[in-house]
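**Q** attaching a predicted model along with its sequence, questions to come.
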Amino acid sequence: MRGALAAVLLLAAGGPAMAQSPEEIGQMCFGPTTDRTVWACTKIIDANLETKRNQAIAYRNRGLGYRARREYDPAMADFEQSIRTDPSYVESYISRGNVFMDRDQPDPALEDFETALRLRPDYTFALHGRGNALQAKGEFERSMRDYDAALRIDPQFVASYVSRCWSEVALDQLEPAVKDCTEALRLRPNFTNAFNGRAAAYLKLGQPAKAVADFEATLRLVHEQSLALYGRGVARQRAGDRVRGDADVARARELEPGVAERFRQYWRLDL
């Protein structure tokens with residue numbers, strides 16, 4: 001880090017990380033997202049001595065810190081400032097697209113992922129993001145083309161196995177769906193979306209006991225996740241366990257009144 005920036009950061013380094021050196025502040029901003037990212041990137045931004053690209057990275061990384069806190073308004077403001085600072089910085093379009101997805105706004109998300117792909121064709125994160133936006137719009141066939149492309153580039157890209165699994169369930173391609181979600185779990189054993197997607201495939205295959213087991217795997221990892229709780233209830237009902245199934249469904253609806261519709265839309269499950 002240049003000496004001028006180091007001097008400014010030393011003067012600014014009050015608050016929760018007063019003992020941190022300028023180099024450590026830089027590492028907290030430009031490294032992996034932690035609970036100190038917002039604080040550190042604010043110091044970098046306020047110093048205003050970095051190149052445009054590094055300023056754009058600092059805004060984007062601070063936005064990631066806000067998104068991790070579910071503070072979507074300041075996250076969006078930072079991603080937009082990052083894009084204004086350096087319109088060629090592809091990561092900020094992907095990050096803003098992800099916030100649009102958090103807000104259930106797939107149309108502007110799709111625009112951001114497509115912009116990212118114009119800047120960097122065949123970028124796996126942009127392909128995966130565009131696939132997710134298309135999936136959210138119900139365009140499952142198109143979404144699968146993006147997941148296929150991402151996995152051709154990076155066969156270890158676990159999120160695309162899961163997302164492709166979900167689209168396959170919606171399209172009644174059930175054996176491939178089980179295969180994709182199982183591969184995702186091989187790569188990341190505690191991936192709850194993979195358990196949920198495979199469980200949905202088992203429901204459509206008429207194997208409710210296997211669906212119950214997968215939804216329960218999610219619930220062991222995330223207590224009372226409404227989607228898995230609802231799914232376990234439906235699976236229990238179909239397995240003949242009406243009392244516990246009804247209780248699960250009722251509890252899931254208490255936690256999230258719209259869970260049944262979300263469950264149906266994700267996988268085109270007739271309930």
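**A** Good, I have the coordinates.
**Q** how about low-confidence regions in this structure?
**A** 1-19, 271 (pLDDT under 70).
**Q** tell me the centre residue of it?
**A** residue 98 (7.0 Å; Cα atoms, centre = their mean).
**Q** element containing that one?
**A** Residue 98 is part of helix 90-102, with elements assigned from DSSP states H and E.
**Q** now do that helix: everything it contacts.
**A** Residues outside helix 90-102 that contact it (Cβ atoms under 8 Å, 6 or more residues apart in numbering): 56-57, 59-60, 63-64, 67, 72, 75-76, 79-80, 82-83, 86, 106, 108-113, 115-116, 119-120, 123, 125-126, 129, 132-133, 136. (Each C-beta comes from the backbone N, C-alpha and C, glycine too.)
**Q** just the residues you listed: which are in helices?
**A** 56-57, 59-60, 63-64, 67, 72, 75-76, 79-80, 82-83, 106, 108-113, 115-116, 119, 125-126, 129, 132-133, 136 (DSSP state H).
**Q** drop anything exposed from these.
**A** Neighbour-count burial within the ones in helices among the contacts of helix 90-102 applies to 56-57, 59-60, 63-64, 67, 75-76, 79, 82-83, 106, 109-113, 115-116, 125-126, 129, 132-133, 136; the criterion is 16 or more other Cβ atoms under 10 Å.
**Q** report the buried residues of stretch 177-189.
**A** Neighbour-count burial for stretch 177-189 [16+ other Cβ under 10 Å]: 177, 178, 179, 180, 181, 183, 184, 185.
**Q** how much space separates the last one from residue 149?
**A** Remark: distance between residue 185 and residue 149 (Cβ to Cβ, to the nearest Å) = 22 Å.
**Q** gap between residue 42 and residue 66?
**A** 11 Å.
**Q** more crowded one of the two?
**A** residue 66 (22 against 17; other Cβ atoms under 10 Å).
**Q** wait, that one sits on residue 72?
**A** Yes: using Cβ atoms under 8 Å, residue 66 is in contact with residue 72, at 7.5 Å.
**Q** now the helix or strand containing residue 184, how far from the centre of its chain.
**A** If you go by DSSP H and E, residue 184 is part of helix 174-187. Relative to its chain's centre, helix 174-187 lies at 18 Å (Cα atoms, centre = their mean, to the nearest Å).
**Q** can you pull out the residues in contact with it?
**A** 156, 158-159, 161-162, 164-166, 168-169, 191, 193-195, 197-198, 200-202, 204-205.
**Q** restricted to strands, list those.
**A** With DSSP state E as the criterion, strands contain none of the contacts of helix 174-187.
**Q** now those: which count as buried?
**A** 158-159, 161-162, 164-166, 168-169, 191, 193-195, 197-198, 200-202, 204-205.
**Q** return the subset of those residues lying in helices.
**A** 158-159, 161-162, 164-166, 168-169, 193-195, 197-198, 200-202, 204.
**Q** show me what contacts residue 233?
**A** Counted by Cβ under 8 Å, 6+ apart, residue 233 has contacts 244, 245, 246, 247, 248, 249, 250, 251, 252.
**Q** closest one of those to residue 29?
**A** residue 252 (39.7 Å; Cβ to Cβ).
**Q** so what's the closest one closest to, chain neighbours aside?
**A** Distances taken as Cβ to Cβ, 6 or more residues apart in numbering place residue 230 nearest to residue 252, at 3.6 Å, with adjacent residues excluded.
**Q** ok now the strand or helix carrying the one you found, how far from the chain's centre?
**A** Applying DSSP H and E as the criterion places residue 230 in helix 226-238. Distance of helix 226-238 from its chain centroid, counting by Cα atoms, centre = their mean, is 23 Å.
**Q** ok, and for it, which residues are buried?
**A** 226-238.
**Q** so what does residue 137 look like in phi/psi?
**A** phi -90, psi 0 (degrees, to the nearest 10).
**Q** you'd agree it is up against residue 105?
**A** No: the pair residue 137 / residue 105 is not scored as a contact, 10.7 Å apart, by Cβ under 8 Å.
**Q** find the nearest non-adjacent residue to residue 25, please.
**A** residue 40 (4.9 Å).
**Q** select only the buried ones of the contacts of residue 233 in ChimeraX?
**A** Selection of the buried residues among these in ChimeraX, burial being defined by 16+ other Cβ under 10 Å:
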select :245,248,249,252
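**Q** no more questions from me, cheers.
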